[in-house]
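Asks: build me a structure from this.
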Amino acid sequence: MVSRDNAHTIRSMFNRSLSDRLMLLATKVHCRRLLKRFHAATQDATRVQERVLLAKIRRNADSAYGREHRFDQIRSYADFTKHVPLQTYEDFEPYIARLRRGEHNALFGSGQKVRMFALTSGTTGKPKYIPVTDQFLKEFRDGWNAFGIKALMDHEDTFLRPIVQITSRMDETHTEGGIPCGAITGLMAASQGYLARKYYLTPLCVAHIDDPLARYYTIMRLSVPVENVGFMVTANPATPLRLAKTAAQYSETLIRDIHDGTLWGELQVPGEVRDLLAPRLRAEPARAAVLQQLLEQHGELLPKHFWKLGFMCNWTGGTLGLFLREFAHYFGDTPVRDIGLLASEGRMSITMQDGTSAGILDVTSSFYEFIPAEQIDKSNPDCLRSHEVEVGRDYFIVLTNSAGLYRYSIGDQIRVVGLEGQAPIIEFLNKGEHICSLTGEKLSEYQAVTAINQAAASAGIRLGNYVLSPQWDDPPYYRLHIETAAATPHSALDRFCQAADRDLCQLNVEYDSKQKSLRLGRLRINLLPEGFLEARDQALSTRYRRNNEQYKHKFLLTQPGEDHDFPIVGIAGRKPDTPAPAGSNGAGVPQAACPPVRHKQPASTGRSRRAGTSGTSLSGRKTRSSE
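Replies: Numbers count the residues shown, from 1 in each chain. Modelled structure (predicted):
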């Protein structure tokens, strides 16, 4: 029998008190009004978009950027396009540099303040700093509220049930002006209302655990004791899989910790975080006994065994949809709701049903323009408004938001799949032609080429042609196909591989983050026969046109499987995918690979575990002004 003290576990936080019910009713009324207003806006989206645009212009007319671009003369969309050109992040960098020093009037009008900078990877070696103001945060939160209330209304039994929510720190670093930089999810969680925060299973302090294994394990240590989890929400589908695999790999340790009311002492968890978590780590022998029985019954301990999940929320579009193939094994038939097209720069769509990445354009938060996909390499492409796009066609999104970004080419390619009133229903396809995003890292061809060339120089490798290609595995990783001298020592290739991986991490903060959190594997190298890539490029360049002098070698492929015709000499520790071609300079040479990070299951112990400018296209290509 469970004692009175042990019965008073963390689950007592989730008792449906009268005050909670009353607050929930008020919240439902507010959110339903918000959702109703959003649907009404979609029916009059053209005029709503005009109002959204002019409101952002007027709000920042007295900023330095607004004065330089004559915001005081903008009265219409035509005026807007006359005074503000299409732009990339690099065009805004001088203004954002001033913001980082504390000069708020560089991009924003009087009375506005930058609360933080959301960090995300750029197309060059530096991360992008996206300013977050109160207005931007409100619009970001309104979009989440509209998404969330619709998802909860579609899964009514998940109201007032615990939530597994994964967030990151908003203060990973600070600017020279003292402004925090990090993840906007951290700021949203910190400023979330009482009712929502009460049902979070993981407190904010968990985001301060830097070691990925320690963080994943701690999240599951706090969450697995609660059977009646309503839903799990995180952007990247790799994260719930990593959580599930962590619980499965360390199931015996996890059960022991739940039984004893401890947290594995060998984990790299800061002491202050352990102190904050201590009140939540109650001993629950009855729950541990149930988990042990499930482990013995199934041979492994998975979320589909120990949770009664109502639904899951994460991205499902683009290459991230590949992760969903593993969901059934770990989460059974739990429905998945795509969280919509959103980025550090703002939310762009709101999904309204499970099983699709398509969502309604969020016409109330930002102003949108659309460049036809076939024109993205032109220096002066056509720009269409939301009511001018066509169903079935692909476009690149151009964003004007409350983060001080105007006519900003975000690089996301979408397809219009339908209409809701006057608002397009869009689905994410991929980042731009020269960007690959296996797990959200948004690696650009520029970053890939820079890192590989730097690494070759530092390792003393004389490279021929090469291609970096995404590979689907557990976890996904990048394979670098290279042509180099057959006599190159393996030790030199290993140094080159490690240097290239290190340089990619330094050039792309999200590549680094995904590797540290074990969602992205280490770089691997494959040796190609000399001349293979040149012959392949020649064949591709003449496939549709003769003498196609404009064909450019791709140093970065963007979709898994695009290198299906490449010979694979071998992968370290595995059988080769295909035999090396006879006579190739790589025959019999094993593939170089950076060593993976591995953690051992701890042995059982009795000790406590508490202890765009002219002439440049928006895709980044140089173009002739006559194009």
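
Asks: those strands in the stretch 251-400 of the chain, which residues are they?
Replies: 311-313, 336-337, 342-343, 346-347, 349-350, 359-361, 367-372, 394-400 (DSSP state E, counting those that start in this stretch).

Asks: out of those, which is closest to Leu86?
Replies: With respect to Leu86, and counting by CB to CB, the nearest of these is strand 394-400 at 6.5 Å. Every C-beta, even on glycine, is put in place using the N, C-alpha and C of the backbone.

Asks: buried set for the following helix or strand past that closest one?
Replies: For strand 394-400, the following helix or strand on the C-terminal side (DSSP states H and E) is strand 408-420. By 16 or more other CB atoms under 10 Å, the buried positions in strand 408-420 come out as 408-416, 419-420.

Asks: relative to Arg407, how far out is the residue nearest to Tyr368 when sequence neighbours are not counted?
Replies: On the basis of CB to CB, 6 or more residues apart in numbering, the spatially nearest residue to Tyr368 that is not a chain neighbour turns out to be Ser386, at 5.5 Å. Spatial separation of Ser386 from Arg407 under the definition CB to CB, to the nearest Å is 14 Å.

Asks: ok, Leu540 next?
Replies: When distances are taken as CB to CB, Leu540 and Arg407 turn out to be 34 Å apart.

Asks: comparing those two, which residue is more hemmed in?
Replies: Comparing Leu540 with Arg407 by other CB atoms under 10 Å, the one with more neighbours is Arg407, at 21 against 13.

Asks: give the contact list for the more buried one.
Replies: The neighbours of Arg407, taking CB atoms under 8 Å, 6 or more residues apart in numbering as the test, are 80-81, 84-87, 369, 398, 400.

Asks: Pro180 now?
Replies: With contacts taken as CB under 8 Å, 6+ apart, Pro180 has the following neighbours: 116-117, 170-174.

Asks: give me the number of residues near Arg98?
Replies: By the other CB under 10 Å criterion, the neighbourhood of Arg98 contains 17 residues.

Asks: hmm, I was thinking of Gln293
Replies: Counted with other CB under 10 Å, the neighbours of Gln293 add up to 11.

Asks: residue numbering should commence at 631 henceforth.
Replies: I'll keep to 631 as the first residue from here, and by that count the last item is Gln923.

Asks: and it, how far from Leu1098?
Replies: For Gln923, the distance to Leu1098 (CB to CB) stands at 47 Å.

Asks: next: Glu769.
Replies: Using CB to CB, we find Glu769 at a distance of 36 Å from Leu1098.

Asks: these two: who's more crowded?
Replies: Neighbours were tallied for Glu769 and for Leu1098 using other CB under 10 Å; the higher tally belongs to Leu1098 (25 against 21).

Asks: quick check, the more buried one in contact with Leu1110.
Replies: Yes - the pair Leu1098 and Leu1110 qualifies as a contact (CB atoms under 8 Å) at a distance of 5.2 Å.

Asks: which residues do the two both contact?
Replies: Residues touching both Leu1098 and Leu1110 (CB under 8 Å, 6+ apart) are Ile1082.

Asks: ranking by neighbours, what's the top pick from the contacts of Arg1037?
Replies: Of the contacts of Arg1037, with other CB under 10 Å as the count, Glu999 tops at 27 neighbours.

Asks: would JSON lines of the buried residues of strand 1038-1050 with distance to Lys658 and pLDDT be doable?
Replies: What follows is the buried residues of strand 1038-1050, written out as JSON lines (distance: CB to CB, whole Å; pLDDT from 0 to 100):
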{"residue": "Tyr1038", "distance to Lys658": "35", "pLDDT": "97"}
{"residue": "Ser1039", "distance to Lys658": "38", "pLDDT": "94"}
{"residue": "Ile1040", "distance to Lys658": "33", "pLDDT": "92"}
{"residue": "Gly1041", "distance to Lys658": "37", "pLDDT": "89"}
{"residue": "Asp1042", "distance to Lys658": "32", "pLDDT": "90"}
{"residue": "Gln1043", "distance to Lys658": "36", "pLDDT": "88"}
{"residue": "Ile1044", "distance to Lys658": "31", "pLDDT": "91"}
{"residue": "Arg1045", "distance to Lys658": "33", "pLDDT": "93"}
{"residue": "Val1046", "distance to Lys658": "32", "pLDDT": "98"}
{"residue": "Leu1049", "distance to Lys658": "28", "pLDDT": "97"}
{"residue": "Glu1050", "distance to Lys658": "22", "pLDDT": "96"}
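
Asks: show me which of these is closest to Leu654.
Replies: When these are compared for distance to Leu654, the smallest value, 27.6 Å, is given by Glu1050; criterion: CB to CB.

Asks: what bridges to the closest one?
Replies: Beta-bridge partners of Glu1050, counted by DSSP bridges, are Ala1053.

Asks: can you show me the helices along the stretch 1031-1180 of the chain?
Replies: 1075-1089, 1120-1137, 1139-1146, 1162-1171 (DSSP state H, counting those that start in this stretch).

Asks: may I see those organised as JSON lines, with distance to His935 and mean pLDDT added?
Replies: As requested, the helices of the stretch 1031-1180 of the chain are arranged in JSON lines below (distance: least, CB to CB, whole Å; pLDDT from 0 to 100):
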{"stretch": "helix 1075-1089", "distance to His935": "41", "mean pLDDT": "90"}
{"stretch": "helix 1120-1137", "distance to His935": "36", "mean pLDDT": "92"}
{"stretch": "helix 1139-1146", "distance to His935": "28", "mean pLDDT": "92"}
{"stretch": "helix 1162-1171", "distance to His935": "47", "mean pLDDT": "82"}
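
Asks: output those helices in a markdown table, with distance to His1183 appended to each entry.
Replies: Converted to a markdown table, the helices of the stretch 1031-1180 of the chain look like this (distance: least, CB to CB, whole Å):
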| stretch | distance to His1183 |
| --- | --- |
| helix 1075-1089 | 10 |
| helix 1120-1137 | 18 |
| helix 1139-1146 | 22 |
| helix 1162-1171 | 5 |
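
Asks: which of these sits closest to Arg663?
Replies: Evaluated over the helices of the stretch 1031-1180 of the chain, closeness to Arg663 peaks at helix 1139-1146, with 36.1 Å, by CB to CB.

Asks: alright, I will stop here.
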